[in-house]
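> I would like to see how this sequence folds:
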Amino acid sequence: MTLGPRVVFAGCAAALVGCAGNEPQPRIDAVDPAGAYTDRDIRLMLTGAGFVPSFRLDPVSGERVATMDGFSGQVSKGSHAALLTSFGWVSPTQISASLDVQDPDDLGVGPCDVEITDPRGNKAVLPAGFFALGRYTFAPDLTVTSPAAGDLYAPGSSIHGVVTATDGPPGHLVALRWTYTEPPSAQRAPVTGDCPSGLRSDRVDCAFDVIISPSLDPIMTVNLDIVALDDSQPPNQSSPVGVTINLSQRPTVSSVMPQAGGVAGGTNVVLRGSGFVAGSRVYFGTNLLVPDGGIVVDKETITGYTPANPFAAAVPVTVQSRLGFATWAYKFQYRLPPQIWSIAPSSGRQDEHTQVKVYGADFTETTIIYLGQTLAGAVSLESPSWIDGSEIDGVVPPGSGQAWVWAFDPANGWTRLPDQFSWIAP
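Just a heads-up that it's a prediction; the model follows:
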């Protein structure tokens, strides 16, 4: 082996070798690493003294070039030995070499002697200089985050798998594999996937999706098996993790109460149906029920608050989950808040009740008219009479000063007209 970059020695190579008859004797003081598993490639660094390479003459330059071709060595335990190969020269006090173990069982587990011979036949031995750990026999660990135990899926839905494999040093993962199988009656071949396991990685995070055959009966089960392998020889295999997945019917939505609300959102709604599993999310149109798709109370109930909608419209209500999706047969009606245009008359005596008519739009039978500077401190119109969507009649009670007129609907929201009614002294 020729050293690189090339180390050139001139004359008697006095920096490394004394003149003839005064050559230093090699000595090994330490080995790094001092111990390792022997079922994989190991590069050792030997520290000591007197590590002198051999030389050859470069026919082009005429210079003497140092090489390590003449070095040999072994790591031994009793009658068993493994060769040191591919020597590399670092300095007169350091050289490196690869430990070539053909069979890890030869060295077994325990202290081993380290021996080298230089090109001049000089030997150095470090007794018990290396501790062989034998084969690395620890299997990788597997953690399956999804699907979780007890998760239900419907035929035709997608199983989302999330798996993590880890391997302690010096092990490195070389494979993380999953296999999905269905009952024989499905007549579907197993589906297998390999997760990318980066170069010499000790952790692999994997996510994958597989679709359940739509033709399966909801009372059936399907299986997911996961296994990880490391780079030991032979590879250590994790204990296979098997997940049995019970199938179920798709969700259904039988009712949504109330069936209408204001465009500002915030209407407290209750969905009734079936198949509402954990993680189910409700959409009003394209917007999620608040909070985070709704609260799953049980398999038949979801509650939450409607999201805002930019305009009055009827929107579909859909439940989505790992069991699939279900859409309510009807639609939720977003409505505008009641609009106030005017109040007539716009004034009345402070000490008398005043009959008035309030005009506007989008009045409902639940719309309430208030008078006051704030909605919280306002008084309501007495003896209200809903005429139609544009008129509500009633009586203003005695009062003083000026008042804003408010139109409030418990479901649809409110609007106001500033200083539209005045109480006048008699």
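
> give me the buried positions along stretch 44-62.
In terms of neighbour count (16 or more other Cβ atoms under 10 Å), stretch 44-62 has its buried residues at Leu44, Leu46, Thr47, Gly48, Gly50, Phe51, Val52, Pro53, Phe55. No exception for glycine: its C-beta is placed from N, CA and C like everyone else's.

> any chance of the residues you listed in JSON lines, plus secondary structure?
Below are those laid out as JSON lines (DSSP: H, G, I helix; E, B strand; the rest coil):
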{"residue": "Leu44", "secondary structure": "strand"}
{"residue": "Leu46", "secondary structure": "strand"}
{"residue": "Thr47", "secondary structure": "strand"}
{"residue": "Gly48", "secondary structure": "strand"}
{"residue": "Gly50", "secondary structure": "coil"}
{"residue": "Phe51", "secondary structure": "coil"}
{"residue": "Val52", "secondary structure": "coil"}
{"residue": "Pro53", "secondary structure": "coil"}
{"residue": "Phe55", "secondary structure": "strand"}
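
> now, which of those sits nearest Pro337?
The shortest approach to Pro337 among the buried residues of stretch 44-62 belongs to Leu44, at 80.7 Å (Cβ to Cβ).

> which residues does the closest one bridge with?
In this entry, Leu44 is beta-bridged to Ala97, by DSSP bridges.

> quick revisit: closest one of the buried residues of stretch 44-62 to Asp388?
Closest to Asp388, out of all of those and judged by Cβ to Cβ, is Leu44, at 95.6 Å.

> could you point out which element follows whatever helix or strand Ile343 lives in?
Taking DSSP states H and E as the criterion, Ile343 maps to strand 339-344. The helix or strand immediately downstream of strand 339-344 is strand 347-349, counting by DSSP H and E.

> pull out the buried residues from that next one.
Gly348.

> tell me who's in contact with the residue lying closest to Ala326 once chain neighbours are set aside.
Take Ala326 and drop its neighbours on the chain: the residue closest to it by Cβ to Cβ, 6 or more residues apart in numbering is Pro251, 4.3 Å away. Applying Cβ atoms under 8 Å, 6 or more residues apart in numbering, we find Pro251 in contact with Gly273, Ser274, Gly275, Phe276, Val277, Ser280, Val319, Ser321, Leu323, Gly324, Phe325, Ala326.

> check which helix or strand the residue nearest to Pro53 when sequence neighbours are not counted maps to.
Nearest in space to Pro53, with sequence neighbours left out and distances taken as Cβ to Cβ, 6+ apart, is Ala66 at 4.1 Å. Assigned by DSSP H and E, Ala66 falls within strand 64-67.

> partners of the helix or strand following that strand in the sheet?
Note on strand 64-67: by DSSP H and E, the next helix or strand toward the C-terminus is strand 72-77. Here strand 72-77 is paired, per DSSP bridges, with strand 80-91 (antiparallel), strand 109-117 (antiparallel).

> roughly how far does Pro53 sit from Asp32?
Using Cβ to Cβ, to the nearest Å, Pro53 is found at 20 Å from Asp32.

> pretty sure Ser342 sits against Gln420.
Yes: contact criterion Cβ atoms under 8 Å: Ser342 and Gln420 qualify, at 7.3 Å.

> coming back round to it: of all the buried residues of stretch 44-62, which two lie farthest apart?
Leu44 and Phe55 (24.2 Å).

> what about the residue nearest to Ser146 when sequence neighbours are not counted, which helix or strand?
Spatial nearest neighbour of Ser146, excluding adjacent residues (Cβ to Cβ, 6+ apart): Val162 at 4.2 Å. Assigned by DSSP H and E, Val162 belongs to strand 158-166.

> need the residues that contact that strand.
Strand 158-166 is contacted from outside by 140-147, 153, 173, 176, 178, 180, 195, 197, 202-212, 222, 224, 226, 228, 238, 245, 322, using Cβ under 8 Å, 6+ apart.

> next secondary structure after that strand?
Following strand 158-166 in sequence order, the next helix or strand is strand 173-181 (DSSP H and E).

> let's see that following strand as PDB, backbone CA atoms only.
The C-alpha coordinates for strand 173-181 follow below in PDB (Å, rounded to 0.1, in the frame of the first residue of the first chain):
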ATOM      1  CA  LEU A 173     -31.000  -0.200  10.400                       C
ATOM      2  CA  VAL A 174     -31.000  -1.600   6.900                       C
ATOM      3  CA  ALA A 175     -34.700  -2.400   6.400                       C
ATOM      4  CA  LEU A 176     -38.100  -1.400   7.800                       C
ATOM      5  CA  ARG A 177     -40.900  -3.400   6.100                       C
ATOM      6  CA  TRP A 178     -44.700  -3.500   6.500                       C
ATOM      7  CA  THR A 179     -47.100  -6.100   5.100                       C
ATOM      8  CA  TYR A 180     -50.900  -5.600   4.800                       C
ATOM      9  CA  THR A 181     -53.100  -8.700   4.400                       C
END
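
> what's it packed up against?
Packed against strand 173-181, as judged by 3 or more Cβ pairs under 8 Å, 6 or more residues apart in numbering; DSSP states H and E, are the following elements: strand 158-166, strand 191-195, strand 203-211, strand 221-230.
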